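K.L.:
A predicted structure for the sequence below; I have some questions about it.
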Amino acid sequence: GDSVTQMEGPVTLSEEAFLTINCTYTATGYPSLFWYVQYPGEGLQLLLKATKADDKGSNKGFEATYRKETTSFHLEKGSVQVSDSAVYFCALSLYNQGGKLIFGQGTELSVKP
Amino acid sequence: SQTIHQWPATLVQPVGSPLSLECTVEGTSNPNLYWYRQAAGRGLQLLFYSVGIGQISSEVPQNLSASRPQDRQFILSSKKLLLSDSGFYLCAWRQGKNTEAFFGQGTRLTVV
């Protein structure tokens, strides 16, 4: 079935380190891909998205490229800050299934000063 | 502007009792509506989604059901709760199939 798999957390980094959070997917058809972020004590909010192969989504210094050949949408940031500490969720949306929206299990990121 | 309301925020129910969680959206029409359960360390599990009144897609066969009696109202129900139904339930909406989803504040359900 359709699914999203993320790298397990927690991920602990020092400030200004490079971040990669891996996300791969399995889907029937061609999904749209999303990254959502949940800061401590807050709800989920959209971080970035890509709707077709080779698209790059970017926001707040984060970016991810839709790779159809590897069915991946890895999240990257060149220099993380303490304020980036949060749980990150990769998600896919299936246009041909009425907008079904599936999330991965989430990856907790902790950035230390 | 659009808003989503989900209630109650917390709920403690005995095993075998019924459940009704309600979610309503304001400021939009014909939204896609979703029910998720979020477990610690296990992400968001899609339970049900709906693209229109009376149209419900079930993702996980279990002790729950969903209904959409009105365009902007989505209800999660159970006739008899199990201990395993405990969890954090989130309602979400979005307009269209490639757009951002917006989430309610969630309901913490404890079955005792």
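P.N.:
Alright, I've got the coordinates.

K.L.:
is the helix or strand bottoming out on mean pLDDT in chain A anywhere near chain B?
P.N.:
In chain A, no helix or strand scores lower on mean pLDDT, DSSP states H and E than strand A:100-103, which sits at a mean of 91. Yes: counting by C-beta under 8 Å from any C-beta of the partner chain, chain B is contacted by strand A:100-103 at A:K100, A:L101, A:I102, A:F103. For glycine as for every other residue, the C-beta is placed from the backbone atoms N, C-alpha and C.

K.L.:
paired strands for that strand, with orientation please.
P.N.:
Sheet pairing here is set by DSSP bridges, and for strand A:100-103 it gives strand A:86-94 (antiparallel).

K.L.:
residue numbers of chain A in contact with chain B?
P.N.:
Near chain B, when you scan chain A using C-beta under 8 Å from any C-beta, you find A:6, A:32, A:34, A:36, A:43-44, A:46, A:49, A:51, A:89, A:93, A:95, A:97-106.

K.L.:
now the angle between strand A:86-94 and the next helix or strand along the chain from the least confident helix or strand of chain A, please.
P.N.:
Next in sequence after strand A:100-103, counting helices and strands by DSSP states H and E, comes strand A:107-112. Counting by axes from the mean of the first three to the mean of the last three C-alpha atoms, to 10 degrees, strand A:107-112 lies at 150 degrees to strand A:86-94.

K.L.:
if we can go back for a sec, any of the residues of strand A:100-103 next to chain B buried? List them.
P.N.:
Neighbour counting with 16 or more other C-beta atoms under 10 Å in any protein chain shown marks A:K100, A:L101, A:I102, A:F103 as buried within these.

K.L.:
list the buried residues in stretch A:61-81.
P.N.:
Quick answer for stretch A:61-81 (16+ other C-beta under 10 Å): A:F62, A:E63, A:A64, A:T65, A:Y66, A:T71, A:S72, A:F73, A:H74, A:L75, A:K77, A:V80.

K.L.:
what comes into contact with stretch A:65-73?
P.N.:
The contact list for stretch A:65-73, computed with C-beta atoms under 8 Å, 6 or more residues apart in numbering or on different chains, reads A:22-27, A:30, A:33, A:35, A:50-57, A:64, A:74, A:90.

K.L.:
and the next helix or strand past the host helix or strand of B:R68?
P.N.:
Using DSSP H and E, B:R68 sits within strand B:65-70. Heading C-terminal from strand B:65-70, the first helix or strand you meet, by DSSP H and E, is strand B:73-78.

K.L.:
A:Y25: what's it in contact with?
P.N.:
When contacts are counted by C-beta under 8 Å, 6+ apart, A:Y25 touches A:D2, A:S3, A:V4, A:T5, A:P31, A:L33, A:T71, A:S72, A:F73, A:C90, A:L92.

K.L.:
now name the helix or strand holding A:K49.
P.N.:
Using DSSP H and E, A:K49 sits within strand A:44-50.

K.L.:
residue in chain A with the shortest distance to chain B?
P.N.:
Chain B sits closest to A:Q105 of chain A, with a gap of 3.4 Å, by C-beta to the nearest C-beta.

K.L.:
how much space separates the nearest residue to that residue once chain neighbours are set aside from B:F102?
P.N.:
With sequence-adjacent residues excluded and distances taken as C-beta to C-beta, 6 or more residues apart in numbering or on different chains, A:Q105 is closest to B:G43, at 3.4 Å. Look at B:G43 and B:F102: by C-beta to C-beta, to the nearest Å, they are 18 Å apart.
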